[in-house]
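# Here is my input; please provide its structure:
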Amino acid sequence: MELMYIFLAIIGLFAGLLIAKHLISLRFCVMCLSVSITWLILLILYWTGIFHNPTLLALLMGQSIVGVYYLAEKKLPEKYMIFRVAGLLTMTYAAYVALTGFDVAAAFLIIVLWLGSSLLYAYRNSPHIKSTVDHIVACCRDW
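Sure thing, here's the model as predicted:
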């Protein structure tokens with residue numbers, strides 16, 4: 001029954017935001033915002049001990065993570081795609097921390113990943129590095 005109510009909330013938000021988008025002429029993804037508002041409310045309820053389904057909360061958060069990933073992939077220049085793994089894992093880590101708490105080892109790994117990605121980005125035009133960067137950037141494009 002809990003799942004049905006959450007689905008109804010998303011549908012209600014979707015309908016309301018669709019109308020609001022038309023009235024105020026703003027550009028945003030109605031589905032993304034509907035899901036995000038839902039999980040943000042559920043996260044607050046989870047933190048206060050009212051909502052007790054971290055699996056459903058994690059699924060909704062994951063949908064937003066993928067949505068932000070695809071938006072970034074669509075809007076950012078290709079040269080920044082070297083940061084896609086670091087960005088995706090950072091968002092995943094943020095959701096994990098919101099649900100379970102800080103994990104030092106994972107945080108350290110993400111920092112190392114960002115540093116490594118930044119080094120590859122800085123030297124992306126070097127003849128020795130260019131091929132590696134090109135393969136990383138093309139990972140999701142060439143399949």
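# Next, the residues that contact stretch 30-37 from outside, please.
The contact list for stretch 30-37, computed with Cβ atoms under 8 Å, 6 or more residues apart in numbering, reads 10, 13-14, 17-18, 21, 60, 63-64, 67, 71. Every residue, glycine included, has its C-beta placed from N, CA and C.
# Stretch 79-91 now?
With Cβ under 8 Å, 6+ apart as the test, stretch 79-91 has contacts from 65, 68-69, 72-73, 110, 113-114, 117, 120-121, 124, 133, 136-137, 139-140.
# Quote the end-to-end distance of stretch 20-31.
Distance between the two ends of stretch 20-31: 13 Å, counting by Cα to Cα, to the nearest Å.
# quick one: average pLDDT of it?
Throughout stretch 20-31, pLDDT has a mean value of 90.
# Domain-wise, how is this structure divided?
Under the assignment automatic domain parsing, the domains of the chain span 1-53, 76-143.
# For those, give me JSON lines that also has mean neighbour count.
Below are those laid out as JSON lines (neighbours: other Cβ atoms under 10 Å):
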{"stretch": "domain 1-53", "mean neighbour count": "13"}
{"stretch": "domain 76-143", "mean neighbour count": "14"}
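# which of the ones you listed has the lowest average pLDDT?
Among these, domain 76-143 scores lowest, at a mean of 91.
# returning to that earlier point: out of the contacts of stretch 30-37, name the two that are farthest from one another.
K21 and L60 (20.5 Å; Cβ to Cβ).
# Backbone dihedrals for the residue lying farthest from the centre of the chain, please?
Taking Cα atoms, centre = their mean as the measure, the residue most remote from the mean C-alpha position of the chain is P127, 32.6 Å away. Phi and psi for P127, reported as degrees, to the nearest 10, are phi -60, psi -30.
# Against L59, how distant is it?
44 Å (Cβ to Cβ, to the nearest Å).
# So which residues of the protein form helices?
2-24, 30-47, 54-75, 84-100, 104-122, 130-137 (DSSP state H).
# relative to helix 84-100, how tilted is the last one?
The reference is to helix 130-137. Interaxial angle of helix 130-137 relative to helix 84-100 (axes from the mean of the first three to the mean of the last three Cα atoms, to 10 degrees): 50 degrees.
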